[in-house]
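Trainee: coords please:
(chains A and B, ligands or ions: 1)
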Amino acid sequence: MSMNNQGRPSAIPANSGAFDGVTGTVTGNRGLQIEEPLIFEQDSAGRTGVDLPDVPKVASRLGAVKPRAKVGLPGLAEPQVVRHYTRLSQKNYAIDSGFYPLGSCTMKHNPRLNEKMARLPGFSDVHPLQPVSTVQGALELMDQLAHWLKTLTGMAAVTLAPAAGAHGEMCGIMAIRAAHEAKGDSGRTKILVPESAHGTNPATAAACGYSVDAIPATADGRVDLEALKAKLGPDVAGLMLTNPNTCGLFERDIIAIADAVHEAGGYFYCDGANFNAIVGRVRPADLGIDVMHINLHKTFSTPHGGGGPGSGPVVFAESLAPYIPVPYVTHGKDGFALVENAGEGPAFGRMKAFHGQMGMFVRALSYMLSHGADGLWQASGDAVLNANYVMARLEDVMTASFEGPCMHECLFDDRFLKGTGVTTLDMAKALIDEGFHPMTMYFPLVVHGALLIEPTETESKASLDQFVEALRALAERAKSGDVTYFQAAPRLTPRRRLDETAAARKPVLRWTPPVVAEALAAE
Amino acid sequence: MRYLPLTEADRQSMLEAIRATSVEDLFRDVPKSARLAGPIGGLPNHMGELEVERLLGSMAAKNVPAGSVPSFLGAGAYRHHVPATVDHLVQRGEFLTAYTPYQPEVSQGTLQVLFEFQTQVALLTGMDVANASMYDGATSCAEAVMMANRITRRKKAILSGGLHPHYRDVTTTDARFIGFEAVALPAAPTGGEDLLALVDDKTSCVVVQNPDVFGHVRDYTDLAAACQAKGALLIVVVTEALSLGLLTPPGDMGADIVAAEGQSFGNALNFGGPYVGLFAVKDKYVRQMPGRLCGETVDADGRRGFVLTLSTREQHIRREKATSNICTNSGLCALAFSIHVSLLGEAGITQLAQLNHTKAVQMADKLAAVPGVQVLNDGFFNEFTVKLPKPAAAVVEELAKRRILGGVPVSRLYPGAMEDLLLVAVTETNTDADMDAFAAALTEVLA
Ligand SMILES: Cc1ncc(COP(=O)(O)O)c(C=O)c1O
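Mentor: Numbers count the residues shown, from 1 in each chain, chains lettered A, B, ... in the order given. Here you go, the predicted model:
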């Protein structure tokens, strides 16, 4: 199909019912939903969206390297670029537009004050290797954030370096290994991970050279303490446990779990992805946890940005406090100082370049200051209240996997769909047509066809009620045998269900210039 | 509290619906000894916007923004002009406040952006395919080494002495804990390494950086071929992505994997993060890649659309057998990168890269004219190393007092070593007046 410069199909391809068959319009557009070709399909050679000064006439000094002939990027003017990305943005669902109850992801409101603060030139326009005397405010901010995180968790030390939750897990497991090594204990080859764990937990443990031993859950959705004890021994380096767990439940036996792990000489890693349920109300240190990561992009409202960036600070109890990576901020005689090299202390190494996700630190501290101790108490309370409310209002039409109370999220499975032909996936897609982002599907793996709903505290009762009514109606519809309705969903989105199998079978992972594509096809 | 929509009346009626007596009652599974009785002590109570702005504003005011003075810092983070359009578009809530595109029907915006981003990265690096981003250049580098280990089933990486020390340290940290060997060569401020001599039948890869941390640019075509002849891969690291607008790209030199930092496009300095790791490979290695990949497909009506694909490499499907544990990546920074690159286009990127290079050549000449100063590089892109007659860290402090951020002392990256060396980066943001002021101040400080 050929495109004109505005990115619209210039003609309906002959012999194709595609466009008019789907949308009934000449353009393929549907009112506010506008089709948008790839940026590479809007090229005009020589055109650009920037005006730059002339290049001084100076002989180049590239040594033995030749300048490249061409990159192959398309040329567009600024208005075209603005329209391209604006149209693309309109094909996304987002917290700003609606309810996003994605379990385990804590899709809460992202305050714009945080964005404004992160863009103050004193934070955004500071180079990581400026003389320390010129970045005292940046170090002060990191020190303040560290203070908040240590106070909220009751822990002795914190590293701000890790870039996300999984990176924090890596950091924590490395610290555990470093601590065992420091004791000359090299016989510990295993990490215990519950079956309900997020995929990053076993992936992290394995990446750090440990074998992963799964611990089963009890009928009430929690770690089986006896099974855990049976597996503990001199070959276990530690336990990785999410608390509240991925079923949305608080691990009632957590203190006994911690004691058992410690008694066996292991360390207790807590995946803090679900910290939002208890922040400001329960201090992880009081539960016997040795090390825990915190997702600033969940609990502390930094935006997910369509997949990242995040920030995954890790807090450490006294036992592991010496084993943190560089860099970290210290209080020197001339103000704040920065320890940047592992040779300068017991630090075990480095997680990433420079000093961590500063832009996220500013946003998270802005959020903490806005809430304060009283606001965080209320926020975690409301998060838990909202989840329990949704659970209570759906329990009679859907099947809750475990008895409540739940914490910040509630888990259903697909028993209520048994015999209807409708799947968890179908329910999710039907919810999309109702104007909601689906809940997390098929995770955790410990129940069949999981539907994990996390409303967060920033949702109003009206919004929860509307969601509940929609879900109740869909559940009734499924039970009434209207399978085809579900299988055809979603109908009202920019694209209907996408063929993921075809995508994986013959991966097309980039645009290829038409001439090259033709040559490849001819091969 | 302004972010909490529930009213007291809502809370009461919801508690009734749940048949709970109080919110505290819902926390009854938490051991009593660990339940706080009320808001946590030792932290202030809530604040309005104005108060937060005042407090954080006062912290920001204690820093010297690089843009407020002549600034010549690089070493893996570069101050470029980011067009206003970029920040406007990345702040659209539909991009900013969306999650990872796991529901493709309501995420075609993010997915198409990723598909275009992957294509732009592949074109810039000269490679076949790229992923949807990593945390940063340093973690990309470490992941590239681990990928080479998987592909070759060997466990020894050779790291050039021109590799950024932070990238080296992230890789050697992984090596220590993950269990492979990373042989890091001593810093090579003037080059002259014989990397090939170290490659044996245990070597999975050689890692070089171009331009290297001292600014040298090199042609690695012969090294690539020689490594491959010995069954090892060549990994090329790029910390200044704009250099790809001017130099022969790593793909054309025969690199197997490119691990790069993409901050230069679209992303502010941010005191070191968040940035965006680029990761590009030859086609045949796609299934060993870490991270998310977006691919093209069709929907139920036969229309082109995009999905995350080849997920069987990833932790959420493969768990302990995944190629990497990465989940959250640098999505929004990748979007900023992509918008900036789209604005530049072919003509803009070439001109911007040339502008950076020629300004750096001019600056090198001005500094070479300062008594006692020697430029170490024959070939460079927008950053080079100078040898000073005095310790660079002290010189940089003196320059800062004169309100000039005069580069990165090499000893900041290599404590206790090469104290007379200074890294100087020049971009389009540096005016002729900035460059003259720097040369004049340096003359004064060294006098
Ligand atoms: C329970 C749990 N653990 C770990 C992670 C990984 O965190 P991140 O995506 O920040 O790496 C997530 C989120 O994705 C999660 O939900």
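Trainee: A strand includes residue B:207, no?
Mentor: Yes - assessed with DSSP: H, G, I helix; E, B strand; the rest coil, residue B:207 lies in a strand.
Trainee: what's it in contact with, if anything?
Mentor: Under the criterion of CB atoms under 8 Å, 6 or more residues apart in numbering or on different chains, the contact partners of residue B:207 comprise B:141, B:144, B:145, B:157, B:158, B:159, B:160, B:163, B:171, B:235, B:237. Where C-beta positions appear, they are placed from N, C-alpha and C, glycine not excepted.
Trainee: which helix runs longest in the chain?
Mentor: By default, I'm working from chain A. helix A:358-394 (DSSP state H).
Trainee: other chain: chain B
Mentor: helix B:331-368.
Trainee: so the longest helix of chain A, near the ligand or not?
Mentor: No - among the residues of helix A:358-394, none lie within reach of the ligand under CB under 6 Å from any ligand atom; the closest is 10.9 Å away.
Trainee: next, the angle helix B:331-368 makes with that helix.
Mentor: Between the direction of helix A:358-394 and that of helix B:331-368, the angle (axes from the mean of the first three to the mean of the last three CA atoms, to 10 degrees) works out to 180 degrees.
Trainee: what's downstream of helix A:358-394, the next helix or strand?
Mentor: Reading on from helix A:358-394 to the C-terminus, the next helix or strand found by DSSP states H and E is strand A:399-400.
Trainee: ok, then the element right after that next one?
Mentor: Using DSSP H and E, the helix or strand that directly follows strand A:399-400 along the chain is strand A:410-413.
Trainee: quick check: buried residues in the helix-or-strand element of chain B with minimal mean pLDDT?
Mentor: Counting by mean pLDDT, DSSP states H and E, the weakest-scoring helix or strand in chain B turns out to be helix B:315-318, with a mean of 88. Going by neighbour count (16 or more other CB atoms under 10 Å in any protein chain shown), the buried part of helix B:315-318 is B:315, B:316, B:318.
Trainee: and what of stretch A:485-493?
Mentor: Within stretch A:485-493, the residues that qualify as buried are A:485, A:486, A:487, A:489, A:490, A:493, counting by 16+ other CB under 10 Å.
Trainee: near chain B, which of those residues show up?
Mentor: Filtering those for proximity to chain B (criterion: CB under 8 Å from any CB of the partner chain) leaves A:490, A:493.
Trainee: want to throw the buried residues of helix B:315-318 into JSON lines with distance to chain A?
Mentor: As requested, those are exported to JSON lines (distance: CB to the nearest CB, whole Å):
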{"residue": "B:315", "distance to chain A": "4"}
{"residue": "B:316", "distance to chain A": "4"}
{"residue": "B:318", "distance to chain A": "8"}
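Trainee: give me the three-state assignment for the residue lying closest to residue A:382 once chain neighbours are set aside.
Mentor: Using CB to CB, 6 or more residues apart in numbering or on different chains and skipping the chain neighbours, the partner closest in space to residue A:382 is residue A:457 (3.7 Å). Look at residue A:457: counting by three-state DSSP, its state is coil.
Trainee: wait, residue A:457 touches residue A:107, no?
Mentor: No - if you go by CB atoms under 8 Å, residue A:457 and residue A:107 don't touch, sitting 11.5 Å apart.
Trainee: got the contact list for the residue of the stretch 301-447 of chain B at minimum distance from chain A?
Mentor: Closest approach between the stretch 301-447 of chain B and chain A, counting by CB to the nearest CB: residue B:379, at 1.8 Å. For residue B:379, the contacting residues are A:61, A:62, A:63, A:64, A:65, B:216, B:217, B:218, taking CB under 8 Å, 6+ apart as the criterion.
Trainee: in those, which has the lowest confidence score?
Mentor: For these, the least confidently modelled position is residue A:64, at 89, judged by pLDDT.
Trainee: on that earlier part again, now the buried residues of stretch A:485-493 as CSV including pLDDT and secondary structure?
Mentor: Shown next, in CSV, are the buried residues of stretch A:485-493 (pLDDT from 0 to 100; DSSP: H, G, I helix; E, B strand; the rest coil):
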residue, pLDDT, secondary structure
A:485, 97, helix
A:486, 98, helix
A:487, 97, helix
A:489, 98, coil
A:490, 98, coil
A:493, 97, coil
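Trainee: contacts with the ligand among the buried residues of stretch A:485-493, please.
Mentor: Applying CB under 6 Å from any ligand atom, the subset of the buried residues of stretch A:485-493 adjacent to the ligand is empty.
Trainee: chain A: strands as residue ranges?
Mentor: In order along the chain, chain A carries the following strands (DSSP state E): A:157-159, A:190-194, A:211-215, A:236-242, A:267-271, A:291-293, A:314-316, A:328-332, A:335-339, A:399-400, A:410-413, A:440-441, A:451-453.
Trainee: can you give me the strands in the stretch 51-200 of chain B?
Mentor: B:129-130, B:156-159, B:181-184 (DSSP state E, counting those that start in this stretch).
Trainee: export the ones you listed to a markdown table and tack on distance to the ligand, mean pLDDT and mean neighbour count?
Mentor: Listed next are the strands of the stretch 51-200 of chain B as a markdown table, based on distance: least, CB to the nearest ligand atom, whole Å; pLDDT from 0 to 100; neighbours: other CB atoms under 10 Å in any protein chain shown:
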| stretch | distance to the ligand | mean pLDDT | mean neighbour count |
| --- | --- | --- | --- |
| strand B:129-130 | 20 | 98 | 24 |
| strand B:156-159 | 25 | 98 | 25 |
| strand B:181-184 | 24 | 97 | 17 |
